[in-house]
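*Asks:* what's the 3D shape of this:
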Amino acid sequence: MSTYNHRKPIFSPRVNISSELFLTKLRSEFGPASFKAQDLEHLLALCDSDYDDYELEVAHLQSRILYTRQQQQMLKDHKVRLRSLNSPVRKIPNEILANIFDLACERNFLLGYPWRDVNEPPIPSLMPSLPALSIASTCVRWRSVAVSTPSLWSRLKLAI
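*Replies:* Numbering: from 1, shown residues only. As a prediction, the model looks like this:
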């Protein structure tokens with residue numbers, strides 16, 4: 001379990017905004033002698049500098065949040081991939097997988113054109129007519145099993 005730490009800014013503020021002395025002066029002192037214009041200008045410049053530093057701090061923290069969210073998403077994706085290692089299909093021996101592929105690939109049509117007949121519309125995807133290629137494109141293991149199963153590739157029909 002992690003605990004949240006209140007991190008101090010990477011800079012030291014120049015202006016103490018919770019100063020009791022300032023609040024007392026603000027409430028009780030007035031008139032031309034209460035604040036010298038030069039001192040006031042100096043305090044305003046310090047406020048501007050602190051404001052700019054806070055802006056940089058906010059940008060830094062937003063960058064850290066973005067980085068943390070990306071790390072979180074990468075961890076989530078990694079967790080999904082780890083879970084796939086326990087998938088039942090991974091437990092099927094290659095020989096049985098080859099038999100399943102063989103049954104699924106009764107015929108493979110290689111078409112010279114992306115349509116079956118001049119009067120028929122184009123096939124949206126060629127993969128249904130090429131199950132051997134579809135299987136071989138799924139993952140490295142399935143490609144290896146498909147390539148090493150000659151019967152998948154011996155039933156090709158070429159239509160030109």
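
*Asks:* C-alpha only now, for contacts and for neighbours.
*Replies:* Noted.

*Asks:* lowest-confidence helix or strand of this protein?
*Replies:* For the chain, scoring each helix and strand by mean pLDDT, DSSP states H and E identifies strand 108-111 as the least confident one, at a mean of 68.

*Asks:* next SSE after it?
*Replies:* As assigned by DSSP states H and E, the chain's next helix or strand after strand 108-111 is helix 131-136.

*Asks:* so which elements touch whichever helix or strand comes after that next one?
*Replies:* Tracing the chain past helix 131-136, the next element assigned as helix or strand by DSSP H and E is helix 140-147. Secondary structure elements in contact with helix 140-147, counted by 3 or more C-alpha pairs under 8 Å, 6 or more residues apart in numbering; DSSP states H and E, are helix 94-104, helix 131-136.

*Asks:* wait, which of the ones you listed is closest to V15?
*Replies:* Taking C-alpha to C-alpha as the criterion, helix 131-136 is the member of the helices and strands packed on helix 140-147 that comes nearest to V15, at 67.4 Å.

*Asks:* distance from that closest one to the middle of the chain?
*Replies:* Offset of helix 131-136 from its chain centre (C-alpha atoms, centre = their mean, to the nearest Å): 29 Å.

*Asks:* need the longest helix for the chain.
*Replies:* Scanning the chain for the helix with the most residues, using DSSP state H, yields helix 37-84.

*Asks:* now do that helix: distance to the chain's middle.
*Replies:* Taking the mean C-alpha point of helix 37-84 and that of its whole chain, the gap between them comes to 19 Å (C-alpha atoms, centre = their mean).

*Asks:* for stretch 86-97, same thing?
*Replies:* In this view, stretch 86-97 has its centroid 30 Å away from the chain centroid, taken as C-alpha atoms, centre = their mean.

*Asks:* next one: stretch 90-100
*Replies:* Stretch 90-100 has its average C-alpha position 33 Å from the chain's average C-alpha position, going by C-alpha atoms, centre = their mean.

*Asks:* now that stretch: buried residues?
*Replies:* By neighbour count, and taking 16 or more other C-alpha atoms under 10 Å as the criterion, the buried residues in stretch 90-100 are L97, A98.
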